[in-house]
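Asker: show me the folded form of this:
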Amino acid sequence: MSVAEQVVEIADSLRLTVLRDPARPLVAVVRFQGTLDAFTTAEADRVLARLVEEGRIHAVLSFAGLDFISSQGLGAVVASHKRCCDAGGDCVLSNLSSERRAVFEITQLTDYIDIYPDEEAALVAMTTG
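Answerer: Just a heads-up that it's a prediction; the model follows:
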């Protein structure tokens, strides 16, 4: 079976590509492209919450295409991490630019949320850790 891909366009400024691999039924990879801000956070949070509801309790949030993240966006990431952990899974980040990584370091979220250089490293860590 092949990986299922779902694209969600939010407010013309954020595109989420959700990847579901049948070989990894508990895992979802979510690729962010655009801006995660006050206008897009609520819908993005709903997409992430639905993944946990369908049993995908391990999430890789890939920020390679993320241009900006606001404090509301950080809140959605923290909420997603909490939902996954409460369900017995984990939520990790990958592909952060140096600017986005600095935001997570300054807010000390790196003490709670693991960051990997790319999606593959995050997926390997989830299956071995």
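Asker: toward the C-terminus from the biggest helix by length in the chain, list the very next helix or strand.
Answerer: Ranked by residue count and defined by DSSP state H, the top helix of the chain is helix 71-86. Using DSSP states H and E, the next helix or strand after helix 71-86 towards the C-terminus is strand 90-94.
Asker: residues contacting that next one, please?
Answerer: 57-64, 77, 80-81, 83-85, 104, 113-119, 121-122, 125-126 (CB atoms under 8 Å, 6 or more residues apart in numbering). Where C-beta positions appear, they are placed from N, C-alpha and C, glycine not excepted.
Asker: please list only the buried members of those.
Answerer: Listed as buried from the contacts of strand 90-94 are 57-63, 77, 80-81, 83-84, 104, 113, 115-116, 119, 122, 126; burial here means 16 or more other CB atoms under 10 Å.
Asker: next, the angle from the longest helix of the chain to strand 90-94.
Answerer: Using axes from the mean of the first three to the mean of the last three CA atoms, to 10 degrees, the direction of helix 71-86 lies 140 degrees away from that of strand 90-94.
Asker: can you name every helix or strand that helix 71-86 contacts?
Answerer: Packing partners of helix 71-86 (3 or more CB pairs under 8 Å, 6 or more residues apart in numbering; DSSP states H and E): strand 27-36, helix 41-53, strand 58-69, strand 90-94.
Asker: can you list contacts of the second one?
Answerer: Residues lying outside helix 41-53 but in contact with it, judged by CB under 8 Å, 6+ apart, are 8, 10-11, 14, 16, 18, 28, 30, 32, 36, 59, 61, 70, 72-73, 75-76, 79-80, 83-84, 87, 89.
Asker: in this protein, what secondary structure element scores lowest on mean pLDDT?
Answerer: For the chain, scoring each helix and strand by mean pLDDT, DSSP states H and E identifies helix 119-128 as the least confident one, at a mean of 89.
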